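A.B. asks: Structure for the following, please:
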Amino acid sequence: MLMLWLGFALGCAAVDWFAVARADKRLEYIFKPATMLVVILAAGLALPHAPNSWFARYFLFGLVAFLAGHIAYIIALNPTAPPLEALWLALSIALVGAWLMRQLWRALRASKQNSLRAPVVVYGIAISVMLWSAWATLYRADWSAPQRACVIVGATLFFISDAMLAWNRFVKPFAAAKLAVIITYHLGQIALALTLMV
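C.D. replies: Numbering: from 1, shown residues only. From the prediction side, this is the model:
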């Protein structure tokens, strides 16, 4: 039943991607929120049976707003301190995040949008910590292999979606950016929802 709902979410997402590609605002306004509503419903149906109840309690909060969402994911993924073995992952992600923040910082300064630099840095730190928290589940014994795969794929796609959105808006616009952003965002959220079901 839950997989059926996720299949329905993928169907809604596909229609939304088609609408974005065709610049059909009417369809986009219907199917963009519809996709997330179905994902939320599927996740909600999974909550009573979720093996990681602490993750389940926080999952829906992650869909409310992007920054609040990243913070909620960080809390949910870290019921205890991250394992020391995951520190090398933190360094790798920090290097990628720092490079991205540097490009955004320069672009914002060049376009005289200095007031946005601090919020962008805060957001960048939050999303990087969220991504690291997901990858750190590789070293958490209470996560099964399918759960780890879902949360890592979901968080990585979420990170990529936000990175492309920021790059397109502040650094250099690129073709099909809107479509690429919404596809990676939807697939990321669906993968995160699957974490509750596997």
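A.B. asks: Name the nearest residue to P83, ignoring sequence neighbours.
C.D. replies: In this structure, P83 finds its nearest non-sequential neighbour in Y139, 4.0 Å apart by CB to CB, 6 or more residues apart in numbering. For the C-beta atoms, the positions are set from N, CA and C on the backbone; glycine is no exception.
A.B. asks: Tell me the confidence at that neighbour?
C.D. replies: The model reports Y139 with a pLDDT of 91.
A.B. asks: hang on, isn't it packed against A86?
C.D. replies: Yes. Between Y139 and A86 there is a contact under CB atoms under 8 Å: 5.1 Å.
A.B. asks: what comes up buried for stretch 133-153?
C.D. replies: 133-138, 140, 143, 147-153 (16 or more other CB atoms under 10 Å).
A.B. asks: next one: stretch 96-111
C.D. replies: Buried residues in stretch 96-111 (16+ other CB under 10 Å): 97, 100-101, 103-105, 107-108.
A.B. asks: Repeat that for stretch 79-95.
C.D. replies: Neighbour count says stretch 79-95 has 82, 86, 89-90, 93 buried, by 16+ other CB under 10 Å.
A.B. asks: Need those in JSON lines (columns: secondary structure, pLDDT and distance to I75).
C.D. replies: Below are those laid out as JSON lines (DSSP: H, G, I helix; E, B strand; the rest coil; pLDDT from 0 to 100; distance: CB to CB, whole Å):
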{"residue": "P82", "secondary structure": "coil", "pLDDT": "81", "distance to I75": "12"}
{"residue": "A86", "secondary structure": "helix", "pLDDT": "88", "distance to I75": "16"}
{"residue": "L89", "secondary structure": "helix", "pLDDT": "92", "distance to I75": "18"}
{"residue": "A90", "secondary structure": "helix", "pLDDT": "92", "distance to I75": "17"}
{"residue": "I93", "secondary structure": "helix", "pLDDT": "94", "distance to I75": "18"}
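A.B. asks: Mind putting the residues you listed into a markdown table with distance to A193?
C.D. replies: Below are the buried residues of stretch 79-95 laid out as a markdown table (distance: CB to CB, whole Å):
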| residue | distance to A193 |
| --- | --- |
| P82 | 23 |
| A86 | 24 |
| L89 | 23 |
| A90 | 26 |
| I93 | 23 |
